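[1] I need the structure of the sequence given here:
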Amino acid sequence: MLSLRLARGSHPLVLLRRSLVGVAAAGASFLLLSALGFAASHPADPDGALARLLWCVVPLAATVQLAMSVARADPSTRPGAGFAAAGLGPARLALLAGVATATVCAAGSALALLTFLHLRGDVGGSWLLWAGSGAAGRALGGDRPLPLVGAVTLVAVVPVVAGAASAAGRWPRPPAAGAQRPALPTVATGPLTPPPHRAASTLPWGVALAAAGLALEAYAGRGAHPSPGALVSLSGGFGGSVPEVVGGWVLTVAGLVLAGPGLVHGCGRLLAVGRPGPLRLLAGRMLQQEAGLIGRPVGVLCAVAAGLYGALRLHEAAHGRPGAHSFGPLTDLGVALVLMCAFTTVLNAVLEARSGRRRTTAALLRLGASARLLRGAAALRGAALLLVLAPVTWGVAQLTTMPFTHR
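    Predicted coordinates:
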């Protein structure tokens, strides 16, 4: 009840973020239910059903990441004097954030269940062309009864996982031994964690993981490796995807995500190198300070972009020309869901960083800095990230698909 009361008085931007979480939860739940429908209609193909279910882990992870980002930026569950007076400390506020996230995701999952049953024809006909032609019933297993226990279990997966992850992300942690508060103020103020030096230290580990993943993929592509068409056949199974290929992809993605804060911190150091002027100095120092906050979401976005570009390359190599033989509506839904979650998480991190440095911006304006200088610094930060991260993403995508597109 407290979660609903807090939601009623929230800012429209906060409500929009929660609505996006509900939409993402609905998409992920629908994909899980579609895997259940395939398993019910194809009892003789357990490998294909398991492959569909495992591919749903990607949109599920993207949804959980978005839910955690929205829960962390929610001002209604941050510690305050009013909550403390009511007996809600940091631990109870973390539980409150988890309950609020689970409630939003449960609403999205219920909507996904109703849509799934409607498309299958279990609750009447549909005006959608895809459903009216009978394609939806065949794709979603409309010719077989749906297992009730399995449907309820899969519908509960997204709210439970997202709520638990959001509560764990907001759970108070004891300070490290010997940790001291910095004596000098930094460029940005607010919950920007980890510190800049820790953000830069993740770059070597991320590069090592990505290199190990690329090496594993190259090793898997030496002998009798699967065809590009089998690798991108996500709707029917793993195709010929040997475990080494999937393991290489996982390591490469983990390396990009881990290297994200270091890459953002490196962009800031490049901007501030030499004898910078006020514009480059301000942009570089802010990027270094905010690397711990926006680095991981930017790394996830780079991994998603590299994966999408690699899938398109494999699709083109398999069918001879781009645009031939669409992946199918379910795969398109999964791709759109992952892209929406990645972009929204990055945008949410940027807005959180902007809110965190609000006092610093006000101080700079009082000292005589122009609004044009601040806008120029923001544009320079975006351009620097694009110029550095776009070639990195393109190179990783090329190296990922090279063992399977160059015979």
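
[2] now Arg173, what's its secondary structure?
    Recorded secondary structure, Arg173: coil (DSSP: H, G, I helix; E, B strand; the rest coil).

[3] just give me the neighbour total for it.
    6 (other Cβ atoms under 10 Å). C-beta coordinates here come from the backbone N, C-alpha and C atoms, glycine included.

[4] with Leu66 instead?
    Using other Cβ under 10 Å: Leu66 sits among 26 other residues.

[5] same check, this time on Ala363
    Using other Cβ under 10 Å, the number of residues around Ala363 comes to 13.

[6] next, give phi and psi for the closest residue to Gly262 other than its chain neighbours.
    Counting by Cβ to Cβ, 6 or more residues apart in numbering, the nearest residue to Gly262 once its immediate chain neighbours are dropped is Leu203, at 2.5 Å. Backbone torsions for Leu203, taken as degrees, to the nearest 10, come to phi -60, psi -50.

[7] hmm, Cys267 and Leu203 touching each other?
    No - here Leu203 lies out of contact with Cys267, judged by Cβ atoms under 8 Å, at a distance of 11.4 Å.

[8] more neighbours: these two, which one.
    With other Cβ under 10 Å as the criterion, Leu203 and Cys267 differ in neighbour count, and Cys267 comes out ahead with 25 against 20.

[9] is it true that that one touches Val388?
    Yes - under the criterion of Cβ under 8 Å, Cys267 is in contact with Val388, at a separation of 5.0 Å.

[10] which secondary structure element of this structure has the lowest mean pLDDT?
    For the chain, using mean pLDDT, DSSP states H and E, the weakest element among its helices and strands is helix 129-132, scoring a mean of 46.

[11] relative to Leu389, how far out is the closest residue to Glu290 other than its chain neighbours?
    Computed as Cβ to Cβ, 6+ apart, the closest residue to Glu290 that is not its neighbour in sequence is Ala353, at 4.6 Å. Using Cβ to Cβ, to the nearest Å, one obtains 17 Å as the distance from Ala353 to Leu389.

[12] now swap in Pro147 and tell me
    As it turns out, when the distance is counted by Cβ to Cβ, Pro147 lies 44 Å from Leu389.

[13] who's more crowded, these two?
    Just comparing Pro147 and Leu389: by other Cβ under 10 Å the higher neighbour count belongs to Leu389, 20 against 14.

[14] who's in contact with that one?
    For Leu389, the contact set (Cβ atoms under 8 Å, 6 or more residues apart in numbering) comprises 263, 267, 298, 302.

[15] tell me the SS of Trp368?
    Actually, residue 368 is Gly rather than Trp. On the basis of three-state DSSP, Gly368 is classed as coil.

[16] tell me how many other residues crowd it.
    Neighbour count of Gly368, defined by other Cβ under 10 Å: 7.

[17] now do it against Arg275, distance only.
    Distance of Gly368 to Arg275, computed by Cβ to Cβ: 21 Å.

[18] show me where the stretch 151-300 of the chain has its helices.
    Counting by DSSP state H, counting those that start in this stretch, one finds helices in the stretch 151-300 of the chain at the ranges 196-220, 228-231, 243-271, 278-319.

[19] out of those, which comes closest to Val104?
    helix 278-319 (19.6 Å; Cβ to Cβ).

[20] now the closest one: how far from the chain's centre is it?
    Taking Cα atoms, centre = their mean, to the nearest Å, the mean C-alpha location of helix 278-319 is offset from the chain mean by 12 Å.

[21] quick check: mean pLDDT of it?
    With pLDDT averaged residue by residue, helix 278-319 scores 85.

[22] tilt between that helix and helix 243-271?
    Note on geometry: by axes from the mean of the first three to the mean of the last three Cα atoms, to 10 degrees, helix 278-319 and helix 243-271 are set 160 degrees apart in direction.

[23] quick check: which helices or strands does helix 278-319 pack against?
    Packed against helix 278-319, as judged by 3 or more Cβ pairs under 8 Å, 6 or more residues apart in numbering; DSSP states H and E, are the following elements: helix 57-73, helix 196-220, helix 228-231, helix 243-271, helix 329-356, helix 371-405.

[24] so which elements touch the first one?
    Counting contacts by 3+ Cβ pairs under 8 Å, 6+ apart, helix 57-73 is packed against helix 12-41, helix 90-120, helix 148-170, helix 278-319, helix 329-356.

[25] so for that helix, what gets flagged as buried?
    Using 16 or more other Cβ atoms under 10 Å as the test for burial, helix 57-73 gives 58-73.
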